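In: Compute the structure for the input listed below.
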Amino acid sequence: MDAYNFAMLLLRVSFGLTMAAHGYAKVFQGGKLDGTAGWFDSIGMKPGKVHARLAAGTEILAGLGLAVGLLTSFSAAGFVALMIVAGWVVHRDNGFFIVKSGWEYNFILAVAAVGFAMLGPGEWSLDDAFGIADDMDQWTGLVIAGAGGVAAGIGQLALFYRPPAS
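Out: Okay, here's the model as predicted:
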C-alpha cells in the first residue's frame, strides 16, 4: 500500500465529507434552510436566504470535491473562503481558542485546505484520473486555494456583511 496516497485519501475524505455534512445540515436539519437564513440575517450576512444557500451549497460542493479529489485547489479555495467568513462573522470576538468559540478551528481548516491544494490530491483522486493533477504545481495550488480563497472570503464580507447594531 502506498502510504502517501492512502493518507491523502483518508484526510481528503474525512475533511471533505465533514464539510459536506455541515452543508447538508444547514439545508435539512434543525431549522433547515429557513432557519439558517434567519440566523444569517441575525448575524449580519444579508440577505440571509442568499447566504444560507451559498454557504450550504459551497460546503456541500467543496466538501464533496475535496473528498473525491476533483478540482482540489478550487475545492480548497471554497474551504478557505468559508472559514474566512465564519471566522470573522461568528468567532472573531471570542478570541483564538475554540473552547471559547474562537476562530482556532476555522484557521486550522483553512490552513489544511491550502495544504491539500499545495500537496495535490494524490494518485487516488479524480484529479489524477483526469490528468488535472499533472497540470498543477504546489505554487499554483497555493495561489488558487490561498489567495483565491482569501480574496473570495474578503469580497463576500465587503459586499454583504453588515454587523447588527449592538
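In: Report how many residues lie close to H51.
Out: For H51, the neighbour count with other C-beta atoms under 10 Å is 23. All C-beta spots, glycine's among them, are computed from the backbone N, C-alpha and C.
In: which residues in the protein form strands?
Out: Counting by DSSP state E, the chain forms no strands at all.
In: how about low-confidence regions in it?
Out: 1 (pLDDT under 70).
In: Let me see the ranges of the helices in it.
Out: Using DSSP state H, the helices of the chain run over residues 3-28, 32-43, 48-68, 72-86, 104-119, 126-129, 138-141, 148-160.
In: Show me the residue at the heart of the protein, geometrically.
Out: Nearest to the geometric centre of the chain sits F79, at 1.7 Å (C-alpha atoms, centre = their mean).
In: which residues touch the closest residue to that one other than its chain neighbours?
Out: Leaving aside its chain neighbours, F79 sits nearest to A113 (3.6 Å; criterion: C-beta to C-beta, 6 or more residues apart in numbering). Contact analysis of A113 by C-beta atoms under 8 Å, 6 or more residues apart in numbering lists 15, 66, 75-77, 79-80, 83, 145, 149.
In: ok, now S42?
Out: 48, 164.
In: For F79, see how far away it is.
Out: 24 Å (C-beta to C-beta, to the nearest Å).
In: just to revisit the earlier point, I'd say the residue nearest to the centre of the chain and V150 touch.
Out: No: using C-beta atoms under 8 Å as the test, F79 is too far from V150 to be in contact (11.5 Å).
In: re earlier: of all the helices of the chain, which one is nearest N94?
Out: helix 104-119 (9.6 Å; C-beta to C-beta).
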